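**Q** here are the coordinates; sequence isn't available:
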């Protein structure tokens, strides 16, 4: 069965998402900037996506500065469905 | 499901048995049985008829006869086909940025666009990269993984050779093939739907 688990942090501001991406890339944390998934919000924001093993790195970098974060979400994607769960940052 | 049964060289009733076995193995789909004589073709056709399957026969040459047997609802077969993953549609990337305005934002939007393409099937059948668009298919691009995912699902990825040459990145292509303006024009003309970004 094709199962994929990943985390997404959605930002309230595009500028903050860009700033976070820069900081994370500087620290060589493997993340990807993606459009905020519809499951989180219908508005057209930006999010960063990463796998669970980078969760601590991401939290670490994000706590080093102020970011307007909408939330951290865990995605579980299988062939025919997507389960999204908001988790504590 | 598609299956081919090559029963040439086998004496009756072997071709019928082989076809029966193949038919039993699938829920729905098309079986092509190849035999080397007309009698065998007729016998296999009888089997198709008695199994309530639609069939068609073709005499390819003196010693090659083909029987095409369709099992189940033809529409259902089409739906199960891999082609369902692709849509006859060409997207032309004329730049490595999406939209006009801030370059920084344009690059982010383009990354987001290509990522989102990978998130929903059917995928477009072809992606063409022109001018600075070729920066997306070459070394240093952040969307290589997404493009590879699309390519693995059958999406054709083509980068303009003139453009790769102009930017001096001909040897840095990381995904897809090099193409020329003739193929680009042809693809844009032939696709049911072409989107230029």
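**A** Yes, it's here. No experiment lies behind these values; they were computed from the predicted model shown.
**Q** Nearest to chain A within chain B, name that residue for me.
**A** Closest contact between chain B and chain A, by Cβ to the nearest Cβ, is at residue B:112 (4.1 Å). Where C-beta positions appear, they are placed from N, C-alpha and C, glycine not excepted.
**Q** Secondary structure element holding that residue?
**A** In this assignment (DSSP states H and E), residue B:112 forms part of helix B:103-119.
**Q** re the thing from before, now that the residue of chain B closest to chain A has come up, it's in contact with residue A:37, right?
**A** No - taking contacts as Cβ atoms under 8 Å, residue B:112 lies outside contact range of residue A:37: 10.9 Å.
**Q** Show me where chain B has its strands.
**A** For chain B, the strands defined by DSSP state E occupy B:2-6, B:29-35, B:54-61, B:64-71, B:86-93, B:123-129, B:156-160, B:177-179, B:194-196.
**Q** what comes up buried for the first one?
**A** What that stands for is strand B:2-6. Neighbour-count burial for strand B:2-6 flags B:3, B:5 (criterion: 16 or more other Cβ atoms under 10 Å in any protein chain shown).
**Q** Might you calculate how far that strand sits from the centre of the chain?
**A** Computed by Cα atoms, centre = their mean, to the nearest Å, the chain-centroid distance of strand B:2-6 equals 19 Å.
**Q** Now tell me what touches it from outside.
**A** Residues outside strand B:2-6 that contact it (Cβ atoms under 8 Å, 6 or more residues apart in numbering or on different chains): B:15, B:18-19, B:22, B:25-26, B:29-34.
**Q** need the contact list for the closest residue to chain B within chain A.
**A** Nearest residue of chain A to chain B (Cβ to the nearest Cβ) works out as residue A:35 at 4.1 Å. By Cβ under 8 Å, 6+ apart, residue A:35 lies in contact with A:44-47, B:112-113, B:115-116.
**Q** Let me see the domain layout of chain B.
**A** When chain B is parsed with automatic domain parsing, its domains come out as B:2-79, B:82-196.
**Q** For residue A:55, find the nearest of those domains.
**A** For the domains of chain B, proximity to residue A:55 was assessed by Cβ to Cβ; domain B:82-196 is nearest, at 20.0 Å.
**Q** what is the mean pLDDT for the closest one?
**A** Per-residue pLDDT over domain B:82-196 has a mean of 92.
**Q** now do stretch A:38-55
**A** Mean predicted confidence for stretch A:38-55 is 86.
**Q** Now do it: distance from first to last residue.
**A** 22 Å (Cα to Cα, to the nearest Å).
**Q** which of the residues in it are buried?
**A** For stretch A:38-55, by 16+ other Cβ under 10 Å, it's A:40, A:45-50, A:54-55.
**Q** Kindly reformat these as a markdown table containing distance to residue A:19.
**A** Shown next, in a markdown table, are these (distance: Cβ to Cβ, whole Å):
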| residue | distance to residue A:19 |
| --- | --- |
| A:40 | 19 |
| A:45 | 14 |
| A:46 | 11 |
| A:47 | 14 |
| A:48 | 11 |
| A:49 | 17 |
| A:50 | 16 |
| A:54 | 18 |
| A:55 | 19 |
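**Q** So which of those residues are in helices?
**A** residue A:55 (DSSP state H).
**Q** Check the buried residues of stretch A:38-55 one by one and keep those near chain B.
**A** residue A:46 (Cβ under 8 Å from any Cβ of the partner chain).
**Q** Residue 19: neighbour count?
**A** You didn't pick a chain, so chain A it is. When neighbours are counted by other Cβ atoms under 10 Å in any protein chain shown, residue A:19 registers 15.
**Q** that's the wrong chain, I wanted chain B
**A** 26.
**Q** Sticking with residue A:22, tell me its helix or strand.
**A** helix A:14-26.
**Q** What is the burial count for residue 63?
**A** Assuming you mean chain A. Residue A:63, neighbours per other Cβ under 10 Å, totals 10.
**Q** meant chain B actually
**A** 10.
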